[in-house]
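Student: here is the input, now give the coordinates:
(2 chains)
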Amino acid sequence: MDVLVILIPISLLLGMLGLIGFFWTMKNRQYEDPEGDAVRILRTDYDDHPAP
Amino acid sequence: MSVSEYPGVAACAACVATPGAVSRAAKAAIEGGRELHLSLPTIHCAACIQTVERGLLARDDIEDARVNLTRKRATVRVPATTSDAQVVAAIAALGYEATPLDSATLSAGESDKAARDLAMRLGVAGFSMMNVMLLSVAVWSGAADATRDLFHWLSALIAFPTVIFSARPFFGSAWRALRVARLNMDVPISLAILLALGMSLFETIHHGGHAYFDAALSLTFFLLAGRYLDQKMRSVARSAATELAALEVPTALRIGESGPETVLLKQISVGDILLVQPGARVPVDGEVISGTSEIDRAFLTGESDPVLVQNGAAVRAGEVNLTGALQIRADAVGENTLLHALADLVSVAEQAKSKYNSLADKAAQIYAPVVHLLSLAAFAYWVWATGGDIRHALNIAVAVLIITCPCALGLAVPAVSTVASGKLFKSGLLVKHATSLERLAEVDEVVLDKTGTLTRGTPRLVTDLAEDDLAVAASLASVSGHPRSRAIVAAATARGVQWLPLEGASEHPGMGVSAQMNCQSVRLGRSEWIGAGDDSATVLDIGGRHIALSFEDALRDGARELIDALNAQGKKVTLLSGDTPAAVGHLAADLGITDWRAGVLPHEKAEFLAQRSAAGARVLMVGDGLNDVGALATAHVSIAPASALEATRVAADMVLVSTDLSRIIDAMRIAKSARARILENFAVAAVYNIVAIPLAFFGLATPLSAAIAMSTSSIVVSVNALRTK
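Tutor: Numbering: from 1, shown residues only, chains lettered A, B, ... in the order given. Take a look at the predicted model:
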């Protein structure tokens, strides 16, 4: 059970990373145009004017 | 760098000598660019995005373009030199229709910070719930002693900050209710979350076996999901409604010392002289001081025939000027206009409407006290049964509170409303009020307005003219922008007649059009001007031969289907119009409406609606005019077409964006279905409580069973919501 001392902090850290990532996407307004993003990703050309 | 390229800069000789200054000036011009928002109603696919963005970026007069497919909008950054019309034309050339939106109106309404805030709280709650649930699985699978305590402490570490952050909306709402000594759904929710946390912490400290950290978090998560859906649904409707408002830029042409200038409505003061161009709306109440024209009062009174106005005539905000330019002097602005008086009428009726008790409110009123009493009873019973073991009794009381907590109830209504409003949005209706779907489902009577609602408000030529006469009439009519002229031109185009050469065609504002043809004088206009009578009919005069032309208001798409379907459903249909008895009676007979009233004044419309509701009828009012505003606000539920003025749309509960009236039938069906789903969801929640409460009451509930029961009931109600058709 000693392994918990290492594993639990690691898992919490990874979880925090995910949460920070989520905060970042919210702050970056990445949920403004879900429909547009869904079709944009399938475009064959390079989108050289990404959302500001 | 030639002088002709920068005429403004070249005016200063020193500037030409310093090219740096010129390039700085050019750069400043670009930085001085502006952002333009456009509505693109027809875009729908990846290719559309690509065409519009590429096409716009390829142009020199546009700096940047970004399409938002979800909102069907484009944000375009242009230099200050590019006009709105240029951008619209550029998009039109690419094959899409575009309408500029008023940025000020958009940004005022678009602060959907609340939705983002809720999403953030929901995300945090979901993340913590997953982690605590995983830790709990270890406890449920038999972790004991030190390991269990460790996992409980870890859960507490995650749960406390999460609840403080994520559950704040519930605490705030519960506190506001308690402060005025009321109970709402958030009171048992907050109490359950706080008690569960407190109890679990106490148990953890004393090495107990049952901790409800996961329950407290899943409660927060599921209920926030309900809140989020609710918020999302309303923000979609609000954003679409703001878009409608942003289409009407509130400006007027004021005649200043240096000619007409465009000013914002709120800058106009009493006594200002305003210019109203043909085709434009009268911006404020006022008096005509020069010019002659005909105005369309349909919005205000429901009359479909245009009215002649001359010097000294009073005009009201919202009327449309048809033929000649008018100069008016503003008599009343802001709070003194008729429009504002109508808005007051609306706010009075709105207060009455906010007293409507939604299904969710009714459920909460029964639910909240019952939960508290049960929990208290469990506590009292177990204190007595165990002979004073308060810790055990409190444990069971918390279990009862958690198990009965309205997870399913909190989701039942928002999930159904979200699905239903999504469906309505697709079929062209915006739901503005949260409870209007429920109210629409209860409708048993329908009251309709005529002009602009059942009819399009644009005339259609019904007289069957000989081909030669029609050719004369159409050639004359093509000079004017009057709705009746356009109707004649449309009729002629449909028949494919040849245009005739006219000489000296000129429009006499408010009267008609005259010209010379083959040395013969031809005229088209009001009969008193032609000299054929003194009514407002339209007469064609070919060298002294008079032909009277009659028009009728064209029906809106789907009007017939709507009336037929309502009659088939046995709903009473009434037509209330401010128009003349002849026009109303003709239309009513045509559509099969037996109950109609003509010449109804605005306050009479509202009184009629009030009478019906006093008689116990639940009336749906459909209307577009300012004369309908009172009635729309008084009705049980109301719908206004998108073509209505903003004041009318504000008063209505729903806005019909589609031009097809028969969508109202779909809306009523969807509303009925939604109501059925909500009731089913309540039934599911009730059955779940009937099973779960006795188990919790007698101390058989464990954190594991609470977690399973809570998730299952939430999923069942969400899936049931998807059945709304």
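Student: from here on, just use CA atoms for contacts and neighbour counts.
Tutor: Fine.
Student: tell me the centre residue of chain A?
Tutor: residue A:21 (4.7 Å; CA atoms, centre = their mean).
Student: check the gap between that residue and residue B:155 for me.
Tutor: 22 Å (CA to CA, to the nearest Å).
Student: residue B:496 too?
Tutor: 80 Å.
Student: which one's more surrounded, the two?
Tutor: residue B:155 (26 against 11; other CA atoms under 10 Å in any protein chain shown).
Student: which residues sit in contact with that one?
Tutor: B:132, B:135, B:136, B:213, B:214 (CA atoms under 8 Å, 6 or more residues apart in numbering or on different chains).
Student: can you name the next helix or strand after the one helix or strand it maps to?
Tutor: Using DSSP states H and E, residue B:155 falls within helix B:145-166. Next along the chain after helix B:145-166, taking DSSP H and E as the criterion, comes helix B:168-179.
Student: who's in contact with residue B:450?
Tutor: Applying CA under 8 Å, 6+ apart, the residues near residue B:450 are B:302, B:575, B:576, B:577, B:584, B:623.
Student: and if we set it to 10 Å?
Tutor: By CA atoms under 10 Å, 6 or more residues apart in numbering or on different chains, residue B:450 lies in contact with B:298, B:302-304, B:456-457, B:553, B:555, B:575-579, B:583-584, B:587-588, B:598, B:622-625.
Student: among the residues you listed, name the ones in helices.
Tutor: Secondary structure from DSSP state H places B:298, B:583, B:584, B:587, B:588 of the contacts of residue B:450 in helices.
Student: wait, the first one sits on residue B:451?
Tutor: Which is residue B:298. Yes: counting by CA atoms under 10 Å, residue B:298 touches residue B:451, with 6.5 Å between them.
Student: overlap in contacts, these two.
Tutor: B:304, B:457, B:578, B:579, B:624, B:625.
Student: by neighbour count, which of these wins?
Tutor: Most surrounded of the shared contacts of residue B:298 and residue B:451: other CA under 10 Å gives residue B:624, at 33 neighbours.
Student: hmm, it is touching residue B:648, no?
Tutor: Yes: judged on CA under 10 Å, residue B:624 makes contact with residue B:648 at a distance of 6.3 Å.
Student: who touches both of the two?
Tutor: Going by CA under 10 Å, 6+ apart, residues that sit against residue B:624 and also against residue B:648 are B:299, B:632, B:639, B:640, B:641, B:642, B:655.
Student: isn't the third one right up against residue B:632?
Tutor: When you say that, I think you mean residue B:639. Yes: between residue B:639 and residue B:632 there is a contact at 7.5 Å, judged by CA under 10 Å.
Student: so which of these two has more stuff around it?
Tutor: Shown here are residue B:639 and residue B:632; by other CA under 10 Å, residue B:632 has more neighbours (34 against 28).
Student: so how far is chain A from the more buried one?
Tutor: 34 Å (CA to the nearest CA, to the nearest Å).
Student: related to what we said a few turns ago, got a ChimeraX select line for the buried ones in the shared contacts of residue B:624 and residue B:648?
Tutor: A single ChimeraX command selects the buried members of the shared contacts of residue B:624 and residue B:648 (16 or more other CA atoms under 10 Å in any protein chain shown):
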select /B:299,632,639,640,641,642,655
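Student: near chain B, which residues of chain A show up?
Tutor: Remark: the part of chain A in contact with chain B comprises A:1, A:4, A:8, A:11-12, A:15-16, A:18-20, A:22-23, A:26-27, A:29, A:31-43, A:45, A:47, A:49-52, using CA under 10 Å from any CA of the partner chain.
Student: so what pLDDT did residue B:317 get?
Tutor: Per-residue pLDDT puts residue B:317 at 77.
Student: doesn't residue B:276 make contact with it?
Tutor: No: using CA under 10 Å, residue B:317 is not in contact with residue B:276; the gap is 11.1 Å.
Student: give me the common contacts of those two.
Tutor: The contact lists of residue B:317 and residue B:276 share B:282, B:283, where a contact means CA under 10 Å, 6+ apart.
Student: neighbour-wise, which of the two wins?
Tutor: Applying other CA under 10 Å to residue B:317 and residue B:276 shows that residue B:276 carries more neighbours, namely 23 against 18.
Student: without its sequence neighbours, what residue ends up closest to that one?
Tutor: The shortest distance from residue B:276 to any non-neighbouring residue, by CA to CA, 6 or more residues apart in numbering or on different chains, is to residue B:326 (5.2 Å).
Student: same check on residue B:49?
Tutor: residue B:67 (6.1 Å).
Student: how deep is residue B:328 tucked in, by neighbour count?
Tutor: 29.
Student: partner strands of the host helix or strand of it, parallel or antiparallel?
Tutor: Per DSSP H and E, residue B:328 falls inside strand B:326-332. Strand pairing for strand B:326-332, determined by DSSP bridges: strand B:273-276 (antiparallel), strand B:285-290 (antiparallel).
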